[in-house]
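K.L.:
Model the structure of this input:
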Amino acid sequence: MVQSMTGFGKAQISIPGKNISIEIKSLNSKQQDFSVRMPGIFKSKEMAIRKLLQKSLFRGKVECNINVELTGENANYKVNTELVQSYFEQLKPLLNVEDITPEILATIMKMPDVMNSGKEDINKTEWESLEAGIKEALKNIVGFRNDEGKSLEVDMLERVDAIEQGLENVKKFDEERIDTLKAKLAAAISEIKEDLIDKNRFEQELIYYLEKLDINEEKVRLSQHCKYFKETLSIEGEKGKKLGFISQEMGREINTVGSKANDAQIQKTVVLMKDSLEKIKEQVLNVL
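P.N.:
The predicted structure follows:
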């Protein structure tokens, strides 16, 4: 099964005094690029949260945002007035204002750590609830990634099929090309006076010329690469990088066929095969 690196997952939980929303989104990336934004009270659990993300998402540019809305059920929460003032001082140049307004204050109150309970850490029960919420959001984003992956897989298989069909056309055109080439060579050789050439040198040059035009090895290798690409799509686990390497090898063979064939019909087919391959490469960038 193919899994995309693009996805989104969300979950909401309620604990005494707070409603917590968890949003996780991911985009494609060659490396693990995970960031977590959360209120200061949860900071002690950042490493545990990162481990949960890495265990489920493996790779990609991942952003996890944890937002807290106070419900008023707990009177121990207080406004961090110093932080409010600090936020306002940073916003003043941007808003071109001198005094804080109710609208600006409402925005600042939604910023991290403006409200705190005086506690330095969350308790075990709160962490268990938060952990469950993160796992739910992860389940949702993995489901999203799997759905996206199915679409990617269908599209890439269609593109590989198009390349294989192009290869079959190349084989047909190559037979016609060889027959035409043989006829031209036979006609040219018949006009050469034997006493004017070195037969050994002539045979060597002829063999060299024919080898330069021969594309049988490239056809065989391209067929094998297409088959290997499909096999790799069907395996479990991370496969994006491997698919990228295989598509590069496919490109080398297609380019070589086009440059060696010296045939208009084959070169037109090669252009179509290149177009399919470029779309495959674009899709592979999103594959986990």
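
K.L.:
I figured residue 133 was touching residue 12, is that so?
P.N.:
Yes - between residue 133 and residue 12 a contact is recorded at 7.2 Å, counting by C-beta atoms under 8 Å. All C-beta spots, glycine's among them, are computed from the backbone N, C-alpha and C.

K.L.:
Which one of these two is surrounded by more residues?
P.N.:
Neighbours per residue, other C-beta atoms under 10 Å: of residue 133 and residue 12, the larger number sits with residue 133, 20 against 14.

K.L.:
packing partners for the helix or strand hosting that one?
P.N.:
Using DSSP states H and E, residue 133 sits within helix 124-190. With contacts taken as 3 or more C-beta pairs under 8 Å, 6 or more residues apart in numbering; DSSP states H and E, helix 124-190 sits against strand 7-15, strand 18-27, helix 46-57, strand 60-70, helix 216-234, helix 240-261, helix 264-284.

K.L.:
what do you get if the cut-off is 10 Å, keeping everything else the same?
P.N.:
strand 7-15, strand 18-27, helix 46-57, strand 60-70, helix 199-213, helix 216-234, helix 240-261, helix 264-284 (3 or more C-beta pairs under 10 Å, 6 or more residues apart in numbering; DSSP states H and E).

K.L.:
now the angle from that helix to strand 7-15?
P.N.:
Counting by axes from the mean of the first three to the mean of the last three C-alpha atoms, to 10 degrees, helix 124-190 lies at 180 degrees to strand 7-15.

K.L.:
what's the helix or strand for residue 111?
P.N.:
Residue 111 is part of no helix or strand when elements are defined by DSSP H and E.

K.L.:
For it, what are phi and psi?
P.N.:
phi -80, psi 160 (degrees, to the nearest 10).

K.L.:
pLDDT score for the closest residue to it other than its chain neighbours?
P.N.:
Sequence neighbours aside, residue 87 is the residue nearest to residue 111 in space, at 5.6 Å (criterion: C-beta to C-beta, 6 or more residues apart in numbering). Residue 87 is assigned 85 on the pLDDT scale.

K.L.:
so what's residue 87 up against?
P.N.:
Contact partners of residue 87, counting by C-beta atoms under 10 Å, 6 or more residues apart in numbering, are 80, 100, 104-105, 107-109, 111-114.

K.L.:
how big is the angle separating the helix holding residue 133 from helix 216-234?
P.N.:
Per the same axes, to 10 degrees, the angle that helix 124-190 makes with helix 216-234 is 160 degrees.

K.L.:
quick revisit: the residue nearest to residue 111 sits in which helix or strand?
P.N.:
Here residue 87, judged by DSSP H and E, is contained in helix 81-95.

K.L.:
I'd like the next helix or strand past that helix.
P.N.:
The first helix or strand that comes after helix 81-95 along the chain, using DSSP H and E, is helix 102-108.
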